[in-house]
Every structure is written in C-alpha cells, then in structure tokens.
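S.K.: Please find the sequence and the predicted model below.
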Number of protein chains: 2
Amino acid sequence: MANPRSRTRPARTGSGVTLQQVAEHAGVSLATASRVLHGSGTRTVGEELRRRVESAAEELRYISNAPAQALARSTSAVVGLIVHDVADPYFGAIAAGAMRAAREHRLMVMIAATFREPGLELEYLRGLRAQRARAVILAGSGTTDAAATARLAEEIAGFEADGGRVVCIGERGPEVDTVAMANHAGGGLAARGLWELGHRRIGVVSGPEELLTVRQRLDGARDALHSLGAGLDPADVRTGDFTREGGRATAVRLLTERPDLTGVLVLNDVMAAGALAGLRDDLGLSVPDRVSVVGFDDVPFAADLRPSLSTVRLPLESAGEAALRLLLDPAADAPRRIPLDAELILRGSTAAPPRA
Amino acid sequence: MANPRSRTRPARTGSGVTLQQVAEHAGVSLATASRVLHGSGTRTVGEELRRRVESAAEELRYISNAPAQALARSTSAVVGLIVHDVADPYFGAIAAGAMRAAREHRLMVMIAATFREPGLELEYLRGLRAQRARAVILAGSGTTDAAATARLAEEIAGFEADGGRVVCIGERGPEVDTVAMANHAGGGLAARGLWELGHRRIGVVSGPEELLTVRQRLDGARDALHSLGAGLDPADVRTGDFTREGGRATAVRLLTERPDLTGVLVLNDVMAAGALAGLRDDLGLSVPDRVSVVGFDDVPFAADLRPSLSTVRLPLESAGEAALRLLLDPAADAPRRIPLDAELILRGSTAAPPRA
DNA sequence: GAGCCGTGGGAAAGCGCTTTCCAAGAGGTA
DNA sequence: TACCTCTTGGAAAGCGCTTTCCCACGGCTC
C-alpha cells in the first residue's frame, strides 16, 4: 500500500500546510520540494520544477516546521543566551550585540535569565540542550563555587559531545571558547587613573566575592596599587549586591567607616549609580570635590549621571557579537580566546583629591 | 522483522541518549518510559516501573529532545517575544517581567529584536511561527502604516488559526489580546502636572509620529491641555528619534525656536536623558529653574539623572508578566484587554516656572 | 552501437517522540 | 464458573521533515 493512513487522529489544530502538500500542489515529490525550499545539500533542482515549487509554497503560504527540521537534521537554527538579568544594561548591551550578529546569520536567539539564582544557569543549559540549540552563550560571570563550576563544566562537556557549541563571556575555565573581558586590566586602569589624579587613599565598593568578574576587577586594582608602591587595605574594600541599592548601601558604609578615603572604585556602573546617590543624599559628600568615583562597564546611562560617571569602558556589544561569531566558526582543536580591551573614560565624577 | 534498521547512516554526532535507550535500560516499553518522563496524559504507571524508568534516565543522563516532542505533540514550550531593542531599558524591563513569569511555567523565551527596522517584526513573527512557538508577545509599538499593519494582522490571524496565541503590549487593534499601557492617560497626567505647577507655555519633545505609542501619549497631553482651556500649538511640538540623541537634538531645537516655553514633556525617558543633557550642555538652560522636564516610562535610571527625572511611571515589568499570563489562559471568545495604570512621579526636574 | 558518466527526480527510511488502540491480568458480581 | 469492568503495559502509527539510494535519461567517447 502506498499510503496506509487509516487511523483516525484528532484533527490538526490549524491550517498548517505541510511540505507534502506543497509538493503535491506543485506536482513534484516531497524530496524535490524539500530541496528547493530548504536545500542544504549539493543537489540542484531544475529551473522549471524549482519555480513550480516556489510558487506553490507562496500560494499555500507554506511555513516550514522548524522542530521537524531540527529533528531530521539533528541540529537547529537557535542559539541560547544565558544572562543574569535582561533588565541589567550590562546584559542588555551584550544581548543586543549578539542578536545583531544572529540576525545576519538568520539565527533565532533564546534568552534565559537566571536572576542570579544559583543553579538556574545549569537548569537553563539543560533546557537549551533539550531544545537542541546549536550553541549557547554563557554571558554571566563564573563563580568560585567549585561544586557548581564542576557540574556546569560537566554539562558543557556533555553539550559539546552532542555537537553543541559553548562560548563564555568572561573566564570560566580553560576548556571552553571564551570572549575575555579585560576585567583585571580594567581594574588596574581605574586604580591607576585615580592614583594619577593624586589620590592616595583609595577604596573599593565591590560586588559579591564569589563572582569571578568581581574578583578579577578587584585583583586588577590591587595589583596596580601594589606596583605603584601602595597597596589595598582589606578594610578599604566593602562588598555588596551587584545592584543599585547594593552600591548605595555599600558606598555609604565604606565612607562612613573610612572617612579619609578620597577615591572610590565601584565595580560596576549600576552600583556606581547607587553609590553616587548614597554619597550625595545620605552622606552629603560632594563628588568629585570631596571624593572621586570611578565605575566599571560604561553602560549607556553612565554619561547621564550627575556628575557624569568616570568609568572603565568595556566593549559590551562587541563582546556579544564576538561570542556569536565564535559560535559559528567550526570548533577548533584548542579552545579559543578573544581578548577584548578596556579603556578608562574620565568624566565628571573624578578630580584631584581635596587638599588636606 | 522487528527492527529493520539496515541503512547506514552517518554516526550520530554525539552521545545523545534517546528515550528508547532509557526504556531498554529500564526493561520497559518506549510508551511507558514516555509516560513516566513526560507524561501529560491521564495514564498512570505503576510504582515499580516508574522508579525503574526514573533511575534509568538518571543513570544514562537522558535529556529529552524538545523538537521531537514539539513535532509529536504539535505544540512547544517556547514563547516568543518581539521587541524593538533589548538594550533599551523600556524593553529590558518588559522582558524581565515576561521571563520571570515564564520561568514559573517552565517556558523558554525566544527574544527577537527588530532594531526598529520595519518589516523585521513580520519576519520574526513568521520565524516564531516556524518554530511552532506556543505564543508570541509583540512588545513594540504599533504604527500608523496601514499596509504593514494589515500584513501583520494577517500573519497574526494565521498564527492563531494554527493554534498559536498572540498578545500585544500596547494597542494594535481590537482583534487581539492586549495589555494596554496607559499612554493616553499618562500623557494627560504629565501635562496636567506641569499645568498645576503653574506652567502655561508647555512644549513636547515627541518621538516618531508613526508610532501609535507616541501618538497616544501626545494626544493625551493635548486633550488634557484642551480641557484645561489651553491647547497645544503644533509649533510647540517637535519630533525626533526615540533615542537619547534624538531627545537631545529635538529638545535643543524646540527650546531654541520656542524660547518662551517653561515646561517640556518628553515622550520617553531615554529621550529625556538626552534632553536634559542638551538643555544643560548645549543651551545652558537650568532645569528645573528655567524649564521643567517630564519624561515618560520611569525606567530604572530615571531617578539617577540629575536633576532626577520627573516622569510618568508605567508598570513595565507587570506588563511583561501580564502579557505572559494572558498567553497561558486559554483563548477566550472575545479578545481580552488588560489595562494598566500610569502614575505621575514628580522628582527634581520639575518646579514652578520662573517668574516672568 | 556499446559502454560510461553526469544530472536530476523520486521512493522511502529514518529522526525521537506521543498517543491510540489492543491485550492481558486482576478483581467483582451473579 | 462465566461474564464484566478496571487497570496498566506494549505495539505501532504518525508528526513533518532530510537525505540516501536507486533509476531513468541524455550526451559522450571509442
């Protein structure tokens, strides 16, 4: 029997036109229709038939079934992007860069936000694996939690064994392709910048210590200060949430307890916005006359804060783009690493320290 | 023949474990394994077998194949979200709300950004249809382009005929479920707020006229002014891009040509940030002493601008959440409409007008 | 004219799952 | 004991596509 359909099935939910129908309408075989419409192989189809199929598809308003294609091809046109928080401008910029590049390659981007909940990153990576995403970008910072890191590494290895590609933005370990942000160098740039303005009492408003990103930025600042013959007193470093409120509370705490500080490095711009508010409204300290503040990231609104925020610029959009491009290159033998530069942008929130 | 596999196929790319293998490992049939692991039906599986299947899945590190499920079930667990720009805090907040709600329902969100390119919205909607997304949220503003609107409506209808659900944030037409932002009311609130502070010469820095959102906000302001016995001189309204730079240039132009204005309504916060910069740096006009400025949206950084931005608060995250919830309710007979409120937040950028 | 090769069309076997339908066994009832 | 009803497991038909393999045909070369 050529067509043994007999079972009754619940009527399909909609008007879904299938390739088979397009083929029939065009009077060609399914194979030919597939080759015309999605042809990836090296096979060519005659001019005449090709035209017939195309107009049949047009007439029937055929829309291909991506899951079916994914199943048959065992690969898909979707890439995953895992971030901490889409509403955070840092990730927003990265996502924008990635999506722009994705568009050029006709890929769809599935974004998952962990809202900084530990464990969710792993869960989403599994979800993306289930979706048979062709690749995944891990945009959030790695952590110092060894157990979590190991489980994640295992999941990544599994994904790659299945033919998926993974790129991390920021360090996660040497086995994976990474777009390396200049966190360490940036931290150094900021510290050195304050130093050169004349600051000798420099403090840091830091984010959660378990974040690798935070650690690198902090180390960068510390190392720079060291090489300048100074150092960074642990008591001059205070830790808070990587949010505006965290920045505010932490800056207030830091300057209350260490009132002789004249320069403050805040480890991200969102925190810095809070810090500026705290110093001004809670403590009545004028920036930059009394204290200078340097942020990190150069998110879009940094220049609009008052005083405008001096900060370490990271090429966020480029990072997203670079990550996506890396995903598209065939996997190399050795993990690749694309280092991106940081640049110190001096604006209104920094000045020479007040005369003693 | 029980297992007529004979053709040779290229080796599968990876270690992909299939449900079949799990079933064999557990010594049960494929059907049983499916029922245990993804069981959606009303069928129950005995305690003993259930346990066997679960541990087999665990041991083999089974990861289900979402495309295959989507194909078999002809529905998927992904919802699409189409925005203008992920890096724009307005959309970032909406996306965050939607993703938070999506997480509760174990849905994955596929985000597409049109970067305000006309036509791309349609293209992405088709793409999402191809992915067999269960539903799509159209978060960007509708336009006055009748042809584009019609084609989009057609595509939406097709998608719904196929069993998909569509929700728009902001008006798009009466046939579709919508989460209605209080654009008109918000425009009124802002205008009235300036009026009550004593402003009688009020201008508007507007966005692209073809955006429905812009039009509604503007109409709201105009209507309010009318009912106050005043009116809005078209010459007091200037149009620019919906970006920071657009806001800056437009505000400068407006106040250069209409120097007697004392109150300015800027139709979104991103533009308002630019306007503040333009008034201060390009024109040397003090806000709020010389001109008062009111923005729109209340994006997270609004309070951090200096002066802090008075603005019309829209519940962005709630809108994203509401949209997602609407998608999950079964389609109703009549299109639903969830109206959201606006609230005027007075901060530092507004004050009484200068004495003449 | 026999033998080859290159082209291009079609049949059909999968891809990994869901779900229907059938069957077998358990427990009740008359 | 015969007859039913329930429950639960399994066989197998699809879901809509891709791709391999086969075949027919036309144009070459000796």
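M.R.: Structure received. The model shown is predicted, which means the values in this text are computed figures rather than measured ones. Residues are numbered from 1 along each chain as shown, chains lettered A, B, ... in the order given.

S.K.: Give me the nearest residue to residue A:68, chain neighbours excluded.
M.R.: Closest residue to residue A:68 apart from its sequence neighbours, by CB to CB, 6 or more residues apart in numbering or on different chains: residue B:71 at 5.1 Å. Placement of C-beta: from N, CA and C, glycine included.

S.K.: Give me the buried positions along stretch A:24-36.
M.R.: The neighbour-count check on stretch A:24-36 (16 or more other CB atoms under 10 Å in any protein chain shown) flags A:25, A:26, A:28, A:32, A:33, A:34, A:35, A:36 as buried.

S.K.: show me the contacts for the closest residue to residue A:120 other than its chain neighbours.
M.R.: In space, and not counting its chain neighbours, residue A:120 is closest to residue A:114: 3.9 Å by CB to CB, 6+ apart. Neighbour list for residue A:114: A:82, A:83, A:84, A:85, A:120, A:121, A:124, A:140 [criterion: CB atoms under 8 Å, 6 or more residues apart in numbering or on different chains].

S.K.: Next, the contact list for the fourth one, please.
M.R.: Put plainly, it is residue A:85. Contacts of residue A:85 by CB under 8 Å, 6+ apart are A:91, A:113, A:114, A:115, A:116, B:96.

S.K.: Nearest residue to the fifth one in space, ignoring adjacent ones along the chain?
M.R.: Using CB to CB, 6+ apart and skipping residues adjacent in sequence, the residue nearest residue A:116 is residue A:84, 5.1 Å away.

S.K.: neighbours around the one you found, how many?
M.R.: When counting by other CB atoms under 10 Å in any protein chain shown, one arrives at 20 neighbours for residue A:84.

S.K.: ok, it to residue A:305 distance?
M.R.: 22 Å (CB to CB, to the nearest Å).

S.K.: Over to the nearest residue to residue A:340 once chain neighbours are set aside: give its phi and psi.
M.R.: Spatial nearest neighbour of residue A:340, chain neighbours left out: residue A:315 (5.3 Å); criterion: CB to CB, 6+ apart. Backbone torsions for residue A:315, taken as degrees, to the nearest 10, come to phi -80, psi 80.

S.K.: Can you tell me which residues in the stretch 101-250 of chain A are near chain B?
M.R.: A:103, A:108-113, A:115, A:126-132, A:158, A:161-163, A:244 (CB under 8 Å from any CB of the partner chain).

S.K.: Among these, name the buried ones.
M.R.: For these, buried by 16+ other CB under 10 Å: A:103, A:108-113, A:126-132, A:158, A:162-163, A:244.

S.K.: Can you get me a residue count around residue A:147?
M.R.: Neighbours of residue A:147 using other CB under 10 Å come to 7.

S.K.: same deal with residue A:337?
M.R.: Residue A:337: 13 surrounding residues under other CB under 10 Å.

S.K.: What helix or strand is residue A:274 located in?
M.R.: Taking DSSP states H and E as the criterion, residue A:274 maps to helix A:269-277.

S.K.: Check whether that helix comes near chain B.
M.R.: Yes - interface with chain B: helix A:269-277 contributes A:273, A:276, A:277 (CB under 8 Å from any CB).

S.K.: is any part of the host helix or strand of residue A:49 close to DNA strand C?
M.R.: Per DSSP H and E, residue A:49 falls inside helix A:47-60. Yes - using CB under 7 Å from any atom of the strand, helix A:47-60 reaches DNA strand C at A:48, A:49.

S.K.: which is the next helix or strand following that helix?
M.R.: helix A:66-73.

S.K.: Give the phi and psi angles for residue A:93, as a check.
M.R.: phi -70, psi -40.

S.K.: Could you do residue A:211 as well?
M.R.: phi -80, psi 130.

S.K.: swap in residue A:112?
M.R.: According to degrees, to the nearest 10, residue A:112 has phi -120, psi 130.

S.K.: contacting residues around it?
M.R.: A:80, A:81, A:82, A:83, A:120, A:124, A:127, A:128, B:99, B:108, B:109.

S.K.: beta partners for it?
M.R.: Residues in a beta bridge with residue A:112, per DSSP bridges, are residue A:82.

S.K.: Count the neighbours of the residue of the stretch 201-350 of chain A at minimum distance from chain B for me.
M.R.: Closest residue of the stretch 201-350 of chain A to chain B, CB to the nearest CB: residue A:306 (2.7 Å). By other CB under 10 Å, 18 other residues sit near residue A:306.

S.K.: where does the closest residue to it other than its chain neighbours land on pLDDT?
M.R.: Nearest residue to residue A:306 in three dimensions, chain neighbours excluded: residue B:306, at 2.7 Å (CB to CB, 6+ apart). Listed pLDDT for residue B:306 reads 90.

S.K.: Likewise for residue A:9?
M.R.: 34.

S.K.: got it, and residue A:287?
M.R.: 95.

S.K.: May I have the residues that are in contact with residue A:82?
M.R.: By CB under 8 Å, 6+ apart, the neighbours of residue A:82 are A:111-114, A:121, A:124-125, A:128, A:136-140.

S.K.: again with residue A:36
M.R.: Counting by CB under 8 Å, 6+ apart, residue A:36 has contacts A:45, A:49, A:50, A:53, A:54.

S.K.: ok, now with 7 Å
M.R.: A:45, A:50, A:53, A:54 (CB atoms under 7 Å, 6 or more residues apart in numbering or on different chains).

S.K.: what helix or strand does the first one sit in?
M.R.: Under DSSP H and E, no helix or strand contains residue A:45.

S.K.: quick one, what contacts it?
M.R.: A:32, A:35, A:36.

S.K.: ok, it to chain B distance?
M.R.: Residue A:45 sits 21 Å away from chain B, going by CB to the nearest CB, to the nearest Å.

S.K.: likewise the last one?
M.R.: Distance of residue A:54 to chain B, computed by CB to the nearest CB: 16 Å.

S.K.: Next one, pLDDT for the residue nearest to that residue when sequence neighbours are not counted please.
M.R.: Sequence neighbours aside, residue A:36 is the residue nearest to residue A:54 in space, at 6.5 Å (criterion: CB to CB, 6+ apart). On pLDDT, residue A:36 comes in at 91.

S.K.: go on, residue A:118?
M.R.: pLDDT, residue A:118: 82.

S.K.: go on, residue A:39?
M.R.: 77.

S.K.: Please report how far it lies from DNA strand D.
M.R.: Distance, residue A:39 to DNA strand D, by CB to the nearest atom of the strand, to the nearest Å: 8 Å.

S.K.: which residues touch that residue?
M.R.: So residue A:39 contacts nothing (CB under 7 Å, 6+ apart).

S.K.: mind running it again at 8 Å?
M.R.: Applying CB under 8 Å, 6+ apart, the residues contacting residue A:39 are residue A:45.

S.K.: all helices for the stretch 1-150 of chain A, in order.
M.R.: With DSSP state H, counting those that start in this stretch as the definition, the stretch 1-150 of chain A shows helices at residue ranges A:19-26, A:30-38, A:47-60, A:66-73, A:89-104, A:120-130, A:146-161.

S.K.: Just want the angle from the first one to helix A:66-73.
M.R.: With axes from the mean of the first three to the mean of the last three CA atoms, to 10 degrees as the basis, helix A:19-26 and helix A:66-73 are set at 100 degrees to each other.

S.K.: Could you see whether DNA strand C lies near helix A:19-26?
M.R.: No - for helix A:19-26, no contact with DNA strand C is found by CB under 7 Å from any atom of the strand; the gap never falls below 7.6 Å.

S.K.: pLDDT averaged over that helix - what is it?
M.R.: Helix A:19-26 shows a mean pLDDT of 92.

S.K.: what's the answer for the fourth one, then?
M.R.: Mean per-residue pLDDT for helix A:66-73: 93.

S.K.: Tell me the helices and strands packed up against it.
M.R.: Judged by 3 or more CB pairs under 8 Å, 6 or more residues apart in numbering or on different chains; DSSP states H and E, the packing partners of helix A:66-73 are helix B:66-73.

S.K.: tell me the angle the helix it packs on makes with helix B:30-38.
M.R.: Using the same axes, to 10 degrees: helix B:66-73 against helix B:30-38 is 110 degrees.

S.K.: rewinding a little: quick check: of the residues of helix A:269-277 next to chain B, which lies closest to DNA strand C?
M.R.: Relative to DNA strand C, the closest of those is residue A:273; by CB to the nearest atom of the strand it sits at 46.2 Å.
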